[in-house]
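Student: no sequence for this one, just the structure:
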Ligand code: ADP
């Protein structure tokens, strides 16, 4: 029996997240994650019909984890009835401007982008191949983090580097979190009753990773993340923008290899690095409340850098209808939203503290009636991947 079950696989560098959707229901029927892959602590956990289960899988890699997932789905009678599988792919380079049905040619291009995302794309390719081994005929769809940003004009995506480095090495801004920026921008256009073809938005995706996007007439025209997700605003553990000379300075002064400096910038900086205690905004807000000065400082720098990036995005827009907050911090931290807007009064934002504290009015709005609008929109990346998977496999059928 075909139940129209769609499996969404998100293969990270050391984890695999998965969710199962029935047709276009917004809530996933099964969700789970396998973490710490290829270590002694590899573990898979999943929730189905309100039951949470766990499986120890010491040493399992991406492929083994997926085979275990397929076994679990088989036992639940959900495997053979799968209609299609959607994969989140971090990097589509300049090849992919939208989601794509996976063919041998598409798979080759995804592999070709591995140099640009060495921790993520090979993991996704393994996931696609693991499916091919067990269900060779099932349609698979690739949904790219970078695709939405392929509309950026050259003046936005080029760096001030020798042009030859763009041509020969592909050094340019690609941008990430595209699925989320596109989804919340479209939601904002609908909710706020905007004319998509004459609209300007700035979307702020603030989770563990954070990025800002300028969306003109529904298309990305600039974004804060760049060649890698390290560029842009400060994040949970990533520094965001710094002077590129700091690499050389630290290498000389501390006698550190470049890989170690890159590790510091990715894993030990941002909120974690400045606070000295946590990368988690909830924890830091509580600490700041209790008088922890470093936690308070980390939040101040985070908010100021965000505001600067948002203000910078205005350069590309011909109008600004609203600022959209999304992601764990954007949706939940009234403190961060208030601090960001307090730096942006020159753009005409006036926070309504009551609406902000309650998480927005029925449209998600957190600003006063005569202010430029700022709103909260819940992002649903996995569901959007499911939607693209359904759309591309139905039209192909
Ligand atoms: P990911 O990028 O891993 O998907 P999320 O979008 O879930 O991350 O965002 C995680 C961040 O959201 C963490 O810093 C977390 O502390 C923050 N967050 C979640 N809920 C709240 C809350 N109620 N108040 C403040 N921050 C929150």
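Tutor: Good, I have the coordinates. As the structure is a prediction and not an experimental result, all values here were calculated from the model. Residues are numbered from 1 along each chain as shown.
Student: From now on I want contacts and neighbour counts done on CA atoms only, so please keep to that.
Tutor: OK.
Student: Leaving out the residues flanking it, which one is nearest to the closest residue to the ligand within the stretch 51-200 of the chain?
Tutor: Per C-alpha to the nearest ligand atom, residue 177 is where the stretch 51-200 of the chain lies closest to the ligand, at 9.5 Å. Of all residues not flanking residue 177 in the chain, residue 145 sits nearest, at 5.2 Å (C-alpha to C-alpha, 6 or more residues apart in numbering).
Student: same question, residue 165
Tutor: Nearest to residue 165 is residue 171, by C-alpha to C-alpha, 6+ apart, at 5.8 Å.
Student: For the one you found, which residues are in contact?
Tutor: 158, 159, 165, 227 (C-alpha atoms under 8 Å, 6 or more residues apart in numbering).
Student: pLDDT, neighbour count and secondary structure added to those residues, as CSV?
Tutor: Formatted as CSV, the contacts of residue 171 follow (pLDDT from 0 to 100; neighbours: other C-alpha atoms under 10 Å; DSSP: H, G, I helix; E, B strand; the rest coil):
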residue, pLDDT, neighbour count, secondary structure
158, 98, 18, coil
159, 98, 16, coil
165, 98, 12, helix
227, 96, 19, coil
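Student: which residue ranges form the strands in the stretch 51-200 of the chain?
Tutor: 51-56, 82-89, 100-101, 140-144, 200-206 (DSSP state E, counting those that start in this stretch).
Student: Residue 325 is nearest to which of the ones you listed?
Tutor: Nearest to residue 325 among the strands of the stretch 51-200 of the chain is strand 200-206 (5.0 Å), distances taken as C-alpha to C-alpha.
Student: So which elements touch that closest one?
Tutor: helix 178-191, strand 210-216, helix 293-313, strand 322-326, helix 327-332 (3 or more C-alpha pairs under 8 Å, 6 or more residues apart in numbering; DSSP states H and E).
Student: Which of the residues in that strand are classified as buried?
Tutor: 200, 201, 202, 203, 204, 205, 206 (16 or more other C-alpha atoms under 10 Å).
Student: Which single one of the residues you listed is nearest to the ligand?
Tutor: residue 206 (6.4 Å).
Student: Hmm, residue 326 and that closest one touching each other?
Tutor: Yes - using C-alpha atoms under 8 Å, residue 206 is in contact with residue 326, at 6.0 Å.
Student: how deep is the closest residue to residue 49 other than its chain neighbours tucked in, by neighbour count?
Tutor: Ranked by C-alpha to C-alpha, 6+ apart and with sequence neighbours excluded, the top spatial neighbour of residue 49 is residue 29, at 6.9 Å. Using other C-alpha atoms under 10 Å, residue 29 is surrounded by 15 other residues.
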